[in-house]
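S.K.: Predicted model and sequence below, questions to follow.
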Amino acid sequence: MDNNDKPIYCSTCKKQVGWHFKRVNHRTQFLIALVTLGMWIPMWIGLTLMKIKYCDLCQSPLSED
Ligand SMILES: [Zn+2]
């Protein structure tokens, strides 16, 4: 089985941790887009395309470098 969930070092936990992508809540994004009269839509698209990895333990964003 191909497993892409390689542990990544978390600078907050100071150890290798499991990670997950944060799921975009499209209902919330839609509401923000309505409130901002559509100005949020580019951000919404950006959030959807950006795959930010989050630490499973402390939920902080991870950088892979
Ligand atoms: Zn962590």
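M.R.: Sure thing, it's come through.
S.K.: So the closest residue to Trp44 other than its chain neighbours: helix, strand or coil?
M.R.: Nearest non-adjacent residue to Trp44, counting by CB to CB, 6 or more residues apart in numbering: Gln29, 4.4 Å away. Backbone N, C-alpha and C define where each C-beta goes, glycine included. Put simply, Gln29 is helix when judged by DSSP: H, G, I helix; E, B strand; the rest coil.
S.K.: ok, Gln29 to the ion distance?
M.R.: Remark: distance between Gln29 and the ion (CB to the ion, to the nearest Å) = 25 Å.
S.K.: and that residue, what does it touch?
M.R.: By CB atoms under 8 Å, 6 or more residues apart in numbering, the contact set of Gln29 is 40, 44, 47.
S.K.: Make a PyMOL selection of the buried ones in these.
M.R.: Buried subset of the contacts of Gln29, written as a PyMOL selection, criterion 16 or more other CB atoms under 10 Å:
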select buried, resi 40+44
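S.K.: tell me which of the contacts of Gln29 is nearest to the ion?
M.R.: Nearest to the ion among the contacts of Gln29, counting by CB to the ion, is Leu47 at 21.1 Å.
S.K.: got a pLDDT number for the closest one?
M.R.: Listed pLDDT for Leu47 reads 84.
S.K.: go on, Asp56?
M.R.: Looking at Asp56, the pLDDT reads 94.
S.K.: give me every residue that touches it.
M.R.: Asp56 neighbours (CB under 8 Å, 6+ apart): 17-20.
S.K.: The same query, at a cut-off of 6 Å, please.
M.R.: By CB atoms under 6 Å, 6 or more residues apart in numbering, the residues touching Asp56 are 17-19.
S.K.: repeat for Tyr9
M.R.: Applying CB under 6 Å, 6+ apart, we find Tyr9 in contact with Gln16.
S.K.: helix, strand or coil for it?
M.R.: What three-state DSSP gives for Tyr9 is strand.
S.K.: hang on, the earlier thing: near the ion, list only the ones from the contacts of Gln29.
M.R.: Near the ion, judged by CB under 5 Å from the ion, there are no entries from these.
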